[in-house]
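Participant: Next come a sequence and a model predicted from it.
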Amino acid sequence: MNANASEWKPSPAAAEWTPGGASAPAPAPAAPPQESASSEIDESDPLWLVILNKVCAGDRDRAMKMINNPDSLADYPEVQEVLASMDTGDDDWEKEGDALAEKVEEMAVDDKPAAASAAAPSQDDAMEEEEAAPVVEAVEGDPREHFNLVFIGHVDAGKSTLSGNILYLTDNVDKRTIEKYEREAKDLNRESWFLAFIMDTNEEERSKGITVEVGRATFQTDVHRYSILDAPGHKNYVPNMIMGASQADVGILVISARKGEFESGFDKGGQTREHALLAKTLGVSYLIVVINKMDEPTVQWKKERFDECVSKLKPFLKGCGFTIKREVKFMPISGLNGANVKDEVDPAVCPWWQNCYKNGEHNTDQPTLMSLLDSLELKGRDANAPVRIPVLDRYPDRGTIAMGKVESGTIRPGMKVTVMPTRQTYKVDGLWSEETPLASARPGENILVKLSGAGMEDVQKGFVICSNPPCRSVDKMICQIMVMDLPEHAKVLTAGFQAIFHAHCAEEEATVTKIFETTDKKGKVHKGAAFANVGMRVVCMIEVARTVPVEPFEDYPFLGRFTLRTEGKTCAIGVIKKLPPKKDE
Ligand code: GTP
Ligand code: MG
């Protein structure tokens, strides 16, 4: 994975679908297939489906004749409806930025609507479900729900050590391996790092004692299945951290309570703030703040130190948009010796914790991190919505295998899917969870998808695998952003401001091309403002160099939230309010 997002270059073949979508292959309806070549028909094309099923009651020959004679379609309102939805003819959408600016209320980052429920599955999807090849043998999926946990926080806070210990405590690492890591860590003069070695697997990470790539591992309890995403804390690797957080359901913010470490992590240059902000923007449902290293000689499980960290973090997390009572939980732990990870800390060592959790003082009545995780419930996962799988990465294996998390819908082998932004359609040849073939995958699952006939350039990081109707793909959008920070050279944000746009797994160069309205810290609105300062909310137009597959935040929160980063800083977080009418794609 790239350490620096701005270094990412498209491969020449990938550039075909760019820029600005102008050369994106037109959707199939524009090119009616020949009567003799029914195999050329795109069976998932909404126009073809409505003619075949609604107008011709399944008579393919008649449907073929009709689609080849557009004049004959004028009398059918259902056909006109589909055509209208493909081209709204709305040229004035940009003016809506002003209208929208009037309506936009508080930028409530926490007013998450129920995920994707706005887009109920269309009849087209039902058709595709019918077409899907019956799968008999493959596993129907483990009934236990799957959670992605991202471990975030300042460098050296103890994320990898905690992740490694969780794997050890859940019997995913045997004693002999641990002993080997102890010896290896000792050889590198990094004795206390042996648990981190479970997650930090490459040489550079081990010798420097820092995580670079997002580490991945899985574990299970009787209640849930979990994937660990161990993010790097170092500020050079924030784009890697963003990739991890964009797939996460729960953020575990690791804070070092050690004297001086909490302070430097929380300072302006520290990563605690940026990570917490990114986790919120990227959409975690819960944030568990673990105050770590409680065993450390400068801390010794002192309640005063725990309370100090919590009281400083609370107002800040509130400012990031978290609803503290509902979404944030605090817990003292030692990732190194495992206290309060799987087993509760010995009351002789920490006499005050029992009272705290029994009274639900820190928004949890659970004694340990593991029992807290098992007690969480996720809302907004919609298995009946259209399929949306942002592609995290892909690799060749007798064809191309795409990796990603199912954000909504249910995908099955045999189904037809459309990959955005290229609009190419493919049959799903196979689905796997790690090595296990699946008969279906629901929201929350991390899966591998094999798409029939797709090459490496056809499914790239940041593309989205969709069932019909597919998501949008645009080169401009009206957004509401909050300005968090500005690069050295820019005192204010004006039209022309450039940054890297990160939404789900996609990254693209972007420019703020127009500011419609700003709202300052006191709530005063400035219509037609020319600039914005840090702390302001801004309704603006953002244009990207190449089309990106996205949706308005209201319809699909996970495809509608983004960050703008430049010069190693997160300058703004935002949500997509409005997209151009469909004909512009
Ligand atoms: P990056 O990935 O580089 O951001 O660091 P990290 O957050 O993954 O930290 P890591 O797990 O590599 O730990 C850093 C150091 O803190 C190591 O020396 C650990 O042994 C130490 N450490 C981690 N957790 C604890 C803990 O609970 N108590 C004590 N005393 N030390 C800890
Ligand atoms: Mg680490």
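Facilitator: Nice, I can see it. Ligands and ions are numbered 1, 2, ... in the order given.
Participant: mind checking how far the most centrally placed residue in the chain is from Leu282?
Facilitator: For the chain, the residue lying nearest the average C-alpha position, counting by C-alpha atoms, centre = their mean, turns out to be Ser246 (2.7 Å). Separation of Ser246 from Leu282 (C-beta to C-beta, to the nearest Å): 5 Å. Every C-beta, even on glycine, is put in place using the N, C-alpha and C of the backbone.
Participant: Also Asn337?
Facilitator: According to C-beta to C-beta, Asn337 and Leu282 sit 31 Å apart.
Participant: Compare the two (neighbour count), which wins?
Facilitator: Using other C-beta atoms under 10 Å as the criterion, Asn337 and Leu282 rank with Leu282 on top: 25 against 14.
Participant: from memory Gly283 sits against Pro557, does it?
Facilitator: Yes: Gly283 lies in contact with Pro557 (C-beta atoms under 8 Å); the separation is 6.1 Å.
Participant: Now the phi/psi pair for the residue nearest to the centre of the chain, please.
Facilitator: phi -70, psi -20 (degrees, to the nearest 10).
Participant: quick one, what contacts it?
Facilitator: Applying C-beta atoms under 8 Å, 6 or more residues apart in numbering to Ser246 gives the contacts 282-283, 390, 502, 504-505.
Participant: Nearest to ligand 2 among the residues you listed?
Facilitator: Ligand 2 lies nearest to Leu282 out of these, by C-beta to the ion, at 18.8 Å.
Participant: Skip the chain neighbours and tell me the closest residue to Lys235.
Facilitator: Gln271 (5.7 Å; C-beta to C-beta, 6 or more residues apart in numbering).
Participant: roughly how far apart are the one you found and Leu277?
Facilitator: Gln271 is 10 Å from Leu277, where distance means C-beta to C-beta.
Participant: residue in the chain nearest to ligand 1?
Facilitator: Closest residue of the chain to ligand 1, C-beta to the nearest ligand atom: Gly233 (2.5 Å).
Participant: Dihedrals phi and psi, that residue?
Facilitator: For Gly233, the backbone dihedrals are phi -90, psi -20 (criterion: degrees, to the nearest 10).
Participant: in terms of contact, does it touch Gly153 like I think?
Facilitator: Yes: between Gly233 and Gly153 there is a contact under C-beta under 8 Å: 5.8 Å.
Participant: returning to what we had before: which of the contacts of Ser246 has the largest number of neighbours?
Facilitator: Going by other C-beta under 10 Å, His504 tops these with 32 neighbours.
Participant: which phi and psi does that one have?
Facilitator: The phi/psi pair for His504 (degrees, to the nearest 10) reads phi 40, psi -120.
Participant: Show the contacting residues for it.
Facilitator: 246, 390, 407, 462, 464, 558-559.
Participant: do that again at 7 Å, thanks
Facilitator: His504 makes contact with 246, 390, 558-559, according to C-beta atoms under 7 Å, 6 or more residues apart in numbering.
Participant: about what we covered before: overlap in contacts, Gly233 and Gly153.
Facilitator: The contact sets of Gly233 and Gly153 overlap at 159, 271 (C-beta under 7 Å, 6+ apart).
Participant: Give me the contacts around the lengthiest helix in the chain.
Facilitator: Secondary structure of the chain per DSSP state H: the longest helix is helix 303-319. Residues from elsewhere that reach helix 303-319 (C-beta under 7 Å, 6+ apart): 255, 257, 262, 266, 273, 276, 287, 289, 291, 299, 324, 328, 330, 332, 352, 362.
Participant: between the contacts of His504, which is nearest ligand 2?
Facilitator: Lowest distance from ligand 2 to these (C-beta to the ion) belongs to Ser246, with 18.4 Å.
Participant: quick one, strands of the stretch 351-500 of the chain?
Facilitator: Using DSSP state E, counting those that start in this stretch, the strands of the stretch 351-500 of the chain run over 388-396, 400-405, 416-420, 424-433, 436-437, 446-451, 464-466, 472-483, 493-494, 498-503.
Participant: Adding mean pLDDT and distance to Ala572, write those strands out as TSV.
Facilitator: Below are the strands of the stretch 351-500 of the chain laid out as TSV (pLDDT from 0 to 100; distance: least, C-beta to C-beta, whole Å):
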stretch	mean pLDDT	distance to Ala572
strand 388-396	94	21
strand 400-405	94	25
strand 416-420	97	24
strand 424-433	95	32
strand 436-437	90	41
strand 446-451	95	29
strand 464-466	97	23
strand 472-483	94	4
strand 493-494	95	7
strand 498-503	95	7
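Participant: so which of the ones you listed gets nearest Thr519?
Facilitator: Proximity to Thr519, assessed across the strands of the stretch 351-500 of the chain by C-beta to C-beta, is greatest for strand 472-483 (9.5 Å).
Participant: Within the helices and strands, which one has Thr513?
Facilitator: strand 506-519 (DSSP states H and E).
Participant: Now do that strand: which elements does it pack against?
Facilitator: Applying 3 or more C-beta pairs under 7 Å, 6 or more residues apart in numbering; DSSP states H and E, we find strand 506-519 packed against helix 96-103, strand 498-503, strand 525-527, strand 537-550.
Participant: switch the cut-off to 8 Å
Facilitator: Applying 3 or more C-beta pairs under 8 Å, 6 or more residues apart in numbering; DSSP states H and E, one finds that strand 506-519 contacts helix 96-103, strand 493-494, strand 498-503, strand 525-527, strand 531-532, strand 537-550.
Participant: Give the partner strands of the fifth one in its sheet and their orientations.
Facilitator: Which is strand 531-532. Here strand 531-532 is paired, per DSSP bridges, with strand 493-494 (antiparallel).
Participant: Show residues contacting the strand it pairs with.
Facilitator: Residues from elsewhere that reach strand 493-494 (C-beta under 8 Å, 6+ apart): 483, 486, 512, 515, 530-533, 538, 571-572.
Participant: tell me, which of these make contact with ligand 2?
Facilitator: With C-beta under 5 Å from the ion as the criterion, those include none near ligand 2.
Participant: Please check these and keep the buried ones.
Facilitator: For the contacts of strand 493-494, burial is judged from neighbour counts taken by 16 or more other C-beta atoms under 10 Å, and it is met by 483, 486, 512, 515, 531-532, 538, 571-572.
Participant: Need the contacts of strand 493-494 in CSV (columns: distance to ligand 1).
Facilitator: Formatted as CSV, those follow (distance: C-beta to the nearest ligand atom, whole Å):
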residue, distance to ligand 1
Val483, 27
Leu486, 25
Val512, 31
Ile515, 36
Ala530, 40
Phe531, 35
Ala532, 32
Asn533, 31
Val538, 32
Cys571, 22
Ala572, 24
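Participant: Gly215: which of the residues you listed is nearest?
Facilitator: Closest to Gly215 out of the contacts of strand 493-494 is Cys571 (27.6 Å), distances taken as C-beta to C-beta.
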